[in-house]
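Undergrad: When you get a sec, could you give me coordinates for this:
(chains A and B)
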Amino acid sequence: MMTYKVDARGLSCPQPVIMVDRALKEGKTDFEVLVDNEVSRENVLRLLKKNGLSAEVKEEGPTIVIKVVK
Amino acid sequence: MKNYFSSRTGIILVGAVIGALAALLQYLGNPPNMGICVACMERDIAGAVGLHRAAVVQYLRPEIMGFVLGAFIAALLAGEYRPRGGSAPLIRFFLGVFAMIGALIFLGCPWRALLRLAGGDGNAILGLLGLAFGIFVGVQFLKRGYNLGRSYPQHRSSGWVFPALMVVLFLLLVFRVSFTPGGPIFFSEKGPGSQHAPVLISLGAGLLIGVIAQRSRFCTMGAIRDVILIREFHLMSGVVALLITAFLVNILLGQFKPGFAGQPIAHTDHLWNFLGMVLAGLAFVLAGGCPGRQLFLSGEGDMDAAVFVLGMIVGAGVAHNFNFASSPAGVTPFGPLAVLVGFIFCLVVALTQRDQA
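TA: Numbering: from 1, shown residues only, chains lettered A, B, ... in the order given. Predicted structure coming up:
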């Protein structure tokens, strides 16, 4: 099965956070978030932490992939 | 490397430094309760280059140049310099125009609203309430899918344009160029435009704030928005630190004078203090940042933010040329009309600019 992806590249705050928040409210806990800037990385990680989730971050070229871990 | 300034203590430190420097800049010559006011300072720049002819508010404010250049340097050093653009630039331009009109009805941006309160100006309470309400309205649209769309990477040199403009403005300030008799660059001989701290101190304070604000992502609009939208108090702790520090330094320097009437560069029309900042707050949310944050984003290569800033500068010209801007005597006959037009523009933008799946 393809991992569910939240593609927030090119979007600036608060859009990435809203998209991740929406995914969490839909009950998703196993997904990847794609962002392309440091601010979004920080904000998304802050939101995940607040929701008791952690994440693995890796960089693929200009894209920062945040994999949500329960 | 961990970014210290994006931590809780980091953002509090940044807010405190901005509050203290603002109060000190007033002590060193900037206008009262206007140690730093992004809207007022951009308005002064608009006047200096002749976009409006209000003789009392014309000066090339080095703080603004410092904000952009400081953020530019910080972003370059941190590897966060990333030229980007193409997310609804014309919409952002007019959001900037109406944000400035709203701010000049109240007489200040969010930073100055905080500094006015820290100096004892009770009218700032109405402005801050308006700001919060405008942001609350904007958040309702964010929740329903409002979005100006993605930006795209741009060529590396495109991000240099705005910092270069700031360097040019600084050179014009240093050499006080007069291009034609009776023409720009204009420098106020009296009024708020004539009151300023020494140039190098203003520039230095601006550079320092530009650096730490870029690192910390300090934003007054974002602070209120995040509390309403996701109950996140991270940025808010920096804003509270700014307010408290400016208040304490004002007390130390004898700059705290509580009251409503006779406050410097302020009027007591509660309704329009409130509504002016509702418009500004709404425009800031729709554009994704307070005026200060838009300057820092411009420095790190965000050309859409730079377009918003240019909108604010042109908006200042419009506000003064068409007599929308308030004065200490109060609101002008046309000011409320401009606010109404601004609301209509913002609501149309908010309702029509939505997620494309």
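Undergrad: can I assume residue B:346 is in contact with residue B:284?
TA: No - under the criterion of C-beta atoms under 8 Å, residue B:346 is not in contact with residue B:284, lying 10.3 Å apart. For the C-beta atoms, the positions are set from N, CA and C on the backbone; glycine is no exception.
Undergrad: The two: which is more packed in?
TA: Between residue B:346 and residue B:284, counting by other C-beta atoms under 10 Å in any protein chain shown, residue B:284 is the more crowded of the two (33 against 27).
Undergrad: Please identify the helix or strand for that one.
TA: Residue B:284 is part of helix B:270-287 when elements are defined by DSSP states H and E.
Undergrad: Packing partners of the following helix or strand past that helix?
TA: Towards the C-terminus, the helix or strand next in line after helix B:270-287, according to DSSP H and E, is helix B:291-299. For helix B:291-299, the packing partners by 3 or more C-beta pairs under 8 Å, 6 or more residues apart in numbering or on different chains; DSSP states H and E come out as helix B:38-48, helix B:62-78, helix B:89-106, helix B:110-118, helix B:161-175, helix B:199-216, helix B:220-230, helix B:303-321.
Undergrad: tell me how far the fourth one is from the chain's mean position?
TA: When you say that, I think you mean helix B:110-118. Relative to the chain's own centre, helix B:110-118 is displaced by 11 Å; criterion: C-alpha atoms, centre = their mean, to the nearest Å.
Undergrad: ditto for the third one
TA: A distance of 11 Å separates the C-alpha centroid of helix B:89-106 from that of its chain, computed with C-alpha atoms, centre = their mean.
Undergrad: if we can go back for a sec, by how many degrees do the helix holding residue B:284 and helix B:291-299 diverge?
TA: Taking axes from the mean of the first three to the mean of the last three C-alpha atoms, to 10 degrees, one finds helix B:270-287 and helix B:291-299 inclined to each other by 30 degrees.
Undergrad: Just the mean pLDDT for helix B:270-287, thanks.
TA: On average, the pLDDT along helix B:270-287 is 98.
Undergrad: one step back: quick one, which of the helices and strands packed on helix B:291-299 is nearest to residue B:22?
TA: Residue B:22 lies closest to helix B:110-118 among the helices and strands packed on helix B:291-299, at 5.4 Å (C-beta to C-beta).
Undergrad: contacts for that closest one?
TA: Judged by C-beta atoms under 8 Å, 6 or more residues apart in numbering or on different chains, the contacts made with helix B:110-118 from elsewhere in the structure are B:18-19, B:22-23, B:33-40, B:106, B:108, B:123-125, B:127-128, B:131, B:220-221, B:239, B:242-243, B:246-247, B:250, B:256, B:263, B:266, B:277, B:280-281, B:284, B:290-292.
Undergrad: okay, that helix in CSV with CA atoms only?
TA: Listed next in CSV are the C-alpha coordinates belonging to helix B:110-118 (Å, rounded to 0.1, in the frame of the first residue of the first chain):
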residue,chain,number,x,y,z
PRO,B,110,0.9,45.3,15.5
TRP,B,111,4.4,46.1,16.9
ARG,B,112,3.5,49.7,17.5
ALA,B,113,0.1,48.6,19.0
LEU,B,114,2.2,46.7,21.6
LEU,B,115,4.6,49.5,22.1
ARG,B,116,1.8,52.0,22.5
LEU,B,117,0.3,49.8,25.2
ALA,B,118,3.7,49.5,26.8
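Undergrad: Excluding covalently adjacent residues, which one is nearest to residue B:132?
TA: The shortest distance from residue B:132 to any residue that is not its chain neighbour, by C-beta to C-beta, 6 or more residues apart in numbering or on different chains, is 5.4 Å, and that residue is residue B:224.
Undergrad: Sounds good, over and out.
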